[in-house]
Structure formats: structure tokens, C-alpha cells
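> Structure for this input, please:
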Amino acid sequence: MTNETITTSEATDTTAAKTAAAAKKTHGKKAGPFANPPRKAAKKSGLIDATAPATPPPTATTTTKSAMVLKLLRRKKGAAIAEIGEATGWRAHSVRGFISAVVKKRMRLEVKSEAGSDGVRRYTVQA
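Now for the predicted structure:
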């Protein structure tokens, strides 16, 4: 048995060679439990439908929350904060902020606010 001394530069070269060999095996892809399966293997196994598009095309029936709020505000009787909150899933302060910041300031629409005989405040926008 011979006693050989390895210098720091030789050790670094050996480590770099091992790292490069490991990278070649994985082809630069993630390894381990979070690695994505190769597409070819997934197609062969039936996990990916080769004929289906990667993302579904946008549909014309998609309605934004902004459009929903404007539709409610443009009704003849207008909309109460609670109605807008139910339709969008927003809380009352978010509805008031949207009406103030987006509808009034950004869209520059005139918003009328009237308290009804039942005590509920209703907001309307001219169509």
C-alpha cells in the first residue's frame, strides 16, 4: 500500500468531474422526487393525450368580476354593496374600494348613490 497525498486542486478537479458526469446522466434536468417525467414516456403510458392541446383555448363566456360589477351597477335599480359582494365573493370594503378606485377614478364613470326607504344604499351607473 502506498501513501499518496492528494492536493486541493486535484480534489477539486475530481469533484468537478463527478459533478459533470452526474449532470450528463440527467441531461441537465431535475433529479429526485420532484423531477418531471419525460414527455415521451408519459405519452407512451397514456398519461398525456397526444391529440389534446396543452392549454385550453379561451372561451367567450369568461366573465370578469369587473364586468359582473358593472352589469349590476347598470341595472335600472342599481346594486347594493351586499349584492355585489355576493356576486364577486368580495367583502364590503373591497366593493367600496372597487367602486371608488376603478369605476369612478380609472373608468371615469359617474356613480350615483341613493339610500332607499328600506335603509339600503344602492349604487347606479348610467349605461
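> can you pull the pLDDT of Lys105?
With respect to pLDDT, Lys105 scores 95.
> correction: Ser66
94.
> Can you mark which positions in the stretch of helix or strand it belongs to are buried?
Using DSSP states H and E, Ser66 maps to helix 65-73. The neighbour-count check on helix 65-73 (16 or more other CB atoms under 10 Å) flags Val69, Leu70, Leu72, Leu73 as buried. Every residue, glycine included, has its C-beta placed from N, CA and C.
> wait, doesn't the second one sit right on Phe98?
No - counting by CB atoms under 8 Å, Leu70 stays clear of Phe98, with 10.2 Å between them.
> Strands of the chain, start to end?
For the chain, the strands defined by DSSP state E cover 79-80, 111-115, 121-125.
> Of the ones you listed, flag the one that's most buried.
With neighbours taken as mean count of other CB atoms under 10 Å, the strands of the chain reach their highest mean count in strand 79-80, at a mean of 20.
> Kindly provide the distance from Leu70 to Ile84.
Taking CB to CB, to the nearest Å as the measure, Leu70 falls 10 Å from Ile84.
> CSV please, covering the strands of the chain and showing distance to Lys105 and mean pLDDT.
What follows is those, written out as CSV (distance: least, CB to CB, whole Å; pLDDT from 0 to 100):
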stretch, distance to Lys105, mean pLDDT
strand 79-80, 19, 96
strand 111-115, 10, 95
strand 121-125, 13, 96
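> Dump those into JSON lines; add distance to Thr88 as well.
Compiled in JSON lines, those are given as follows (distance: least, CB to CB, whole Å):
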{"stretch": "strand 79-80", "distance to Thr88": "11"}
{"stretch": "strand 111-115", "distance to Thr88": "16"}
{"stretch": "strand 121-125", "distance to Thr88": "14"}
